[in-house]
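> 3D model of this:
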Amino acid sequence: MRIGGGIEKPYHNPEEWVKYAKDLRYSAVLSPIDSSSDTATRREYLKAAKEADLLIGEVGVWRNCLSKKDDERKSAMEYAKAQLALAEELGANCCVNIIGSRSETAWDGFCAENYSEDFYAMAVESVREIIDAVKPRNTFYSIEPMPWMLPDSPEQYLKLIRDVDRPAFAVHLDFVNMINCPERYCKSSEFIEHCFMLLGPYIKSIHGKDSLMEQAYTTVIHETMPGKGTLNYPKILRLVENLGPDTPLFVEHLPDYETYRQAAAYVRSQAEGAGIVVKG
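Below you'll find the predicted structure:
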């Protein structure tokens, strides 16, 4: 398998970027550039990644393509198309975004309208529009599940795949984001295995985090770094490896370079303890 994550250090050229990635013992990386980069810069970073055997696993969007504000929504849609085109050029595993939100307080906020039939129809059409504008052959567009936003279950993700009905639509799996209730937390191993069982053929990239639920009212579930929660990482990593030896798992949402090193090292140790070969 391949492990990657953020870097959280500035770099000014491909050589510096590769140096940091190798120091962190990454074999998978997030895109080091966005769609504002010029053609020469794209070629330089792609060449450096290939020479260092670094798999570009994700090109991120992280914009609200379903915003109630017309200008924000249109801008997000154009950016999503540009990022998907970049992912296609780089041969990335996927381009990833959230589905979007009708919240008026946060770009990724929860609200009742996110669960309406009209919202779902808009979501399906927005994904189709992004994919149809680029028509990718070397990458996939994908949606990160969220605790309060569709798709918030593997069943819902499978329905979205069928309704979007585009070969270039695939899965970015974040099982921690879907552990959003006590039952899923208490039965986390069974739930995560269920995610892989339903979505396995479509998974292109995975976020590796951990979950920790407080004995507090009403329900408080924290996302934390791998090893600081209760998830069964040896089992998770065997599920990841079963998808193929080049499947990337990315640690994320960490504050600095050294914390990323610790998180990646923990995942690596759990994989090696389970007899899994980690590239890099």
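> now stretch 179-195: mean pLDDT?
Computed over stretch 179-195, the mean pLDDT rounds to 98.
> Return the set of buried residues in that stretch.
For stretch 179-195, the neighbour count (16 or more other C-beta atoms under 10 Å) marks I179, N180, R184, Y185, S188, F191, I192, E193, H194, C195 as buried. Placement of C-beta: from N, CA and C, glycine included.
> Quick check: phi and psi at the fourth one.
The phi and psi values for Y185, taken as degrees, to the nearest 10, are phi -70, psi -50.
> Apart from its neighbours in sequence, what residue is nearest it?
Closest residue to Y185 apart from its sequence neighbours, by C-beta to C-beta, 6 or more residues apart in numbering: M213 at 4.8 Å.
> Could you measure from that neighbour over to E144?
21 Å (C-beta to C-beta, to the nearest Å).
> quick one, which of the two is more surrounded?
Legend: neighbour count by other C-beta atoms under 10 Å for M213 and E144, higher for E144 (22 against 18).
> give the contact list for the more buried one.
V96, N97, I98, H172, D174, N177, H207 (C-beta atoms under 8 Å, 6 or more residues apart in numbering).
> from these, which ones fall inside helices?
If you go by DSSP state H, the contacts of E144 have N177 in helices.
> Dump the contacts of E144 to TSV, plus distance to A80.
Shown next, in TSV, are these (distance: C-beta to C-beta, whole Å):
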residue	distance to A80
V96	10
N97	6
I98	11
H172	14
D174	18
N177	19
H207	19
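> I'd like to know which of the contacts of E144 is nearest to A112.
For these, the closest approach to A112 (C-beta to C-beta) belongs to I98, at 17.4 Å.
> Tell me the pLDDT of that closest one.
So I98 comes in at 98 (pLDDT).
> What of the one 4 residues further on?
Per-residue confidence at R102 stands at 97 (pLDDT).
> That one should be in a strand, yeah?
No: assigned with DSSP: H, G, I helix; E, B strand; the rest coil, R102 falls outside any strand and is coil.
> That one and D108 touch, don't they?
No: the criterion here is C-beta atoms under 8 Å, and R102 misses it with D108 at 11.4 Å.
> So which of these two has more stuff around it?
Between R102 and D108, counted using other C-beta under 10 Å, the more crowded position is R102 (20 against 16).
> so V220 touches S211, yeah?
No: the criterion here is C-beta under 8 Å, and V220 misses it with S211 at 11.2 Å.
> Neighbour count for these two, which is higher?
S211 (21 against 10).
> Give me the secondary structure label for that one.
Taking three-state DSSP, the label given to S211 is strand.
> swap in P245?
When classified by three-state DSSP, P245 comes out as coil.
> residues in contact with it?
Here P245 is in contact with M1, R2, V277, K279 (C-beta under 8 Å, 6+ apart).
> Now for those residues: which two are most distant?
Farthest-apart pair in these is R2 and V277; separation 10.4 Å (C-beta to C-beta).
> Of these two, which one has the most company?
R2 (24 against 9).
> The more buried one and V251 touch, don't they?
No: R2 lies out of contact with V251 (C-beta under 8 Å); the separation is 12.0 Å.
> longest helix anywhere in this structure?
helix 70-90.
> Give me the buried entries from the contacts of E144.
V96, N97, I98, H172, D174, N177, H207.
> what separates E89 from R238, distance-wise?
Taking C-beta to C-beta, one finds E89 at 33 Å from R238.
> And N180, by the same measure?
When N180 is compared with R238 (using C-beta to C-beta), they lie 24 Å apart.
> And for G4?
Distance, G4 to R238, using C-beta to C-beta: 19 Å.
> S67 now?
Using C-beta to C-beta, S67 is found at 40 Å from R238.
> any chance you could map the strands in this protein?
Taking DSSP state E, the strands of the chain run over residues 2-5, 28-30, 55-60, 94-97, 141-143, 169-173, 203-208, 210-213, 221-224, 248-251.
> Could I get those strands in a markdown table, plus columns for distance to R73?
Formatted as a markdown table, these follow (distance: least, C-beta to C-beta, whole Å):
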| stretch | distance to R73 |
| --- | --- |
| strand 2-5 | 30 |
| strand 28-30 | 25 |
| strand 55-60 | 18 |
| strand 94-97 | 13 |
| strand 141-143 | 16 |
| strand 169-173 | 20 |
| strand 203-208 | 25 |
| strand 210-213 | 32 |
| strand 221-224 | 27 |
| strand 248-251 | 27 |
